[in-house]
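> Build me a model from this:
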Amino acid sequence: MTSQPDFSSENFNRDPVAGIAALRARGQIVEVKFPIVGRVWLTTTYDTATAMLKDSATFTLRKEDGEVAGLRWWMPKSIATVANNMLTMDEPDHTRLRSIVDEAFRRRAVLDMEPHIRAIADRMADELFAAGTPADIVQRYARILPVSVICELLGLPLADRPKFIAWANAMTQLRSPISFLRMMGSLSKMRRYLAEQLQSVREKGGKGLIAELVQVEKEGGRITPDEMVSMMFLLLAAGSETTTHLISGSVFELLRDPARRDWLEADWSRISLAIEEFLRFVSPVQFTKPRYVRREVELGGVRLKKGDRVMAMLAAANVDPAAHEHPEKMDLERKPNRHVSFGTGIHFCLGHQLARIEAACALQALFTRWTRLQLAVKPEQVRWRGRPGIRAIDKLPVVAGS
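Below is the predicted model:
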């Protein structure tokens, strides 16, 4: 196997386009060694990624015996329990669980939450420098907003928000089997907390998505107690982590290029268009979960054997010249924008509307309140977290400007 980019390195995260181009030069699908997962085939183009993700019968998240593709033999049993959610399930279990949470999301009317989310963002923007300057956008803003929103949506106490932030920070340090084992303490506490919250709602009642999921549980028994815990874990983690990095990455791109910021501030009705380009260019989620190949099949000119594992590289699909004109450049006016940052197929991201709303509210509130906001360091001094699979700025210090 020829050399490959270090997916957790500073160089790769700072400029993924160069590393992805080197991979694509080797083929539409290439074999790599991915941290923790091990050896796996990786798509490098838009067409191979979408073809794989849409063929959920050939490329499955589990073997015939139910083994999840991303789990390794040395991982504790508690990981398997948490991983037993709809993101790691094939049909028909995926549709069973997805329909339950889809129903709960529809009841909560996510689109109607926009004014409330904007109010939260406005309040947080006002308080950005309350603890001093420079302020770290990641910890003081980009992480707090999605956590606050998902807590309210789920019906979890806002007073427990510091716990969720601490757990989220612990999980972003995932880089190797050793760091994975260190993360287990936080994961166990989070799982235990969610189980206690669910039991409390069963006994005393509650509000939010938790209460609605408990009602579904009582009415039809379409979801097991372990699946309930895993569902809550998934919604809390997925509902905050990737949006955090979309917000911080978007702020960074606006602050390092004043022309982009000026264009957006001149007409905030353009924000939805800009968010799609931030999703494509920042690509917070770089890869999908591994899939098993259920039958011998050809993908991207490579003959894959039954039992092989393959991952779609969303970041590569998002910068594929065959799908996007000048993909290496950020163009906030890009139309059409065929990014796959939310995936595609049956596992298309459930929270795509919420993520878009949160990012739009976050950017407008921040730059409306702080019209002269500036980076406190040079762009090249901004550091990225070394977590493979997630493109995340570690710290983004800013000052109010003058």
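
> Can you give me the buried ones in the host helix or strand of Asn11?
Using DSSP states H and E, Asn11 maps to helix 10-14. Using 16 or more other CB atoms under 10 Å as the test for burial, helix 10-14 gives 12-13. For every residue, glycine as well, the C-beta is placed using N, CA and C.

> From what I see, Val340 and Ala316 are in contact.
No. Between Val340 and Ala316 there is no contact under CB atoms under 8 Å: 9.8 Å.

> ok, the two, which is more surrounded?
In this view Val340 and Ala316 are compared by other CB atoms under 10 Å, and Ala316 has more residues nearby, 29 against 26.

> For the helix or strand in which that one is found, which helices and strands make contact with it?
Assessed by DSSP H and E, Ala316 sits inside helix 314-318. Packed against helix 314-318 by the contact rule (3 or more CB pairs under 8 Å, 6 or more residues apart in numbering; DSSP states H and E) you find helix 16-26, strand 38-43, helix 46-54.

> next structured bit after that helix?
With DSSP H and E, the next secondary element past helix 314-318 is helix 352-369.

> Let me have the helices and strands packed on helix 314-318 in TSV, extended by mean pLDDT and distance to Ser200.
Below are the helices and strands packed on helix 314-318 laid out as TSV (pLDDT from 0 to 100; distance: least, CB to CB, whole Å):
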stretch	mean pLDDT	distance to Ser200
helix 16-26	94	43
strand 38-43	94	40
helix 46-54	97	38
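
> so which of those gets nearest Lys189?
Among those, the nearest to Lys189 by CB to CB is strand 38-43 (27.9 Å).

> Return the list of strands paired to that closest one, each annotated with direction.
When pairs are called by DSSP bridges, strand 38-43 turns out to pair with strand 29-34 (antiparallel), strand 309-311 (parallel).

> Ranking those by mean neighbour count, which comes first?
Mean neighbour count (mean count of other CB atoms under 10 Å) peaks for strand 309-311 among these, with a mean of 23.

> shared neighbours, Val340 and Ala316?
Contact criterion CB atoms under 8 Å, 6 or more residues apart in numbering; residues shared by Val340 and Ala316: Ala49.

> and the host helix or strand of Phe281 with helix 16-26, angle?
For Phe281, the host element (DSSP H and E) is helix 271-282. Here the directions of helix 271-282 and helix 16-26 differ by 60 degrees (axes from the mean of the first three to the mean of the last three CA atoms, to 10 degrees).

> could you pull out the helices for the stretch 51-200 of the chain?
With helices called from DSSP state H, counting those that start in this stretch, the stretch 51-200 of the chain shows them at 77-82, 93-108, 114-126, 137, 144-154, 161-171, 177-204.

> what's the offset of the helix holding Asn11 from the middle of its chain?
In terms of CA atoms, centre = their mean, to the nearest Å, the centre of helix 10-14 is found 18 Å from the chain centre.

> Please put the alpha-carbon coordinates of that helix into PDB.
What follows is helix 10-14, C-alpha atoms only, in PDB (Å, rounded to 0.1, in the frame of the first residue of the first chain):
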ATOM      1  CA  GLU A  10      -2.300  19.500  11.300                       C
ATOM      2  CA  ASN A  11      -1.300  19.700   7.600                       C
ATOM      3  CA  PHE A  12      -4.200  17.600   6.400                       C
ATOM      4  CA  ASN A  13      -6.800  19.400   8.400                       C
ATOM      5  CA  ARG A  14      -5.400  22.800   7.500                       C
END
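
> From here on, call the first residue 14.
OK, 14 is where the count begins now, so the last one is helix 23-27.

> Give me the contacts around it.
18-19, 32, 396-399, 404-405.

> 10 Å instead?
17-20, 31-33, 299, 328, 392-393, 395-401, 403-407 (CB atoms under 10 Å, 6 or more residues apart in numbering).

> Put the buried members of the residues you listed into a ChimeraX selection.
In ChimeraX, this line selects whichever of the contacts of helix 23-27 come out buried by 16+ other CB under 10 Å:
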select :17,18,20,32,33,299,328,395,397,398,399,400,401,403,404,405,406,407
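
> among the contacts of helix 23-27, which are in strands?
Using DSSP state E, no member of these falls in strands.

> for the chain, where's the lowest mean pLDDT among helices and strands?
Least confident helix or strand of the chain, by mean pLDDT, DSSP states H and E, is helix 90-95 with a mean of 57.

> thinking again about what came up before, average pLDDT for the helix holding Asn24, rounded please.
Mean per-residue pLDDT for helix 23-27: 92.

> Okay, buried residues for the helix holding Phe294 please.
284, 287-295.

> mind giving me TSV with those residues and columns for pLDDT?
Below are the buried residues of helix 284-295 laid out as TSV (pLDDT from 0 to 100):
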residue	pLDDT
Ile284	97
Ala287	98
Ile288	98
Glu289	98
Glu290	98
Phe291	98
Leu292	98
Arg293	98
Phe294	97
Val295	96
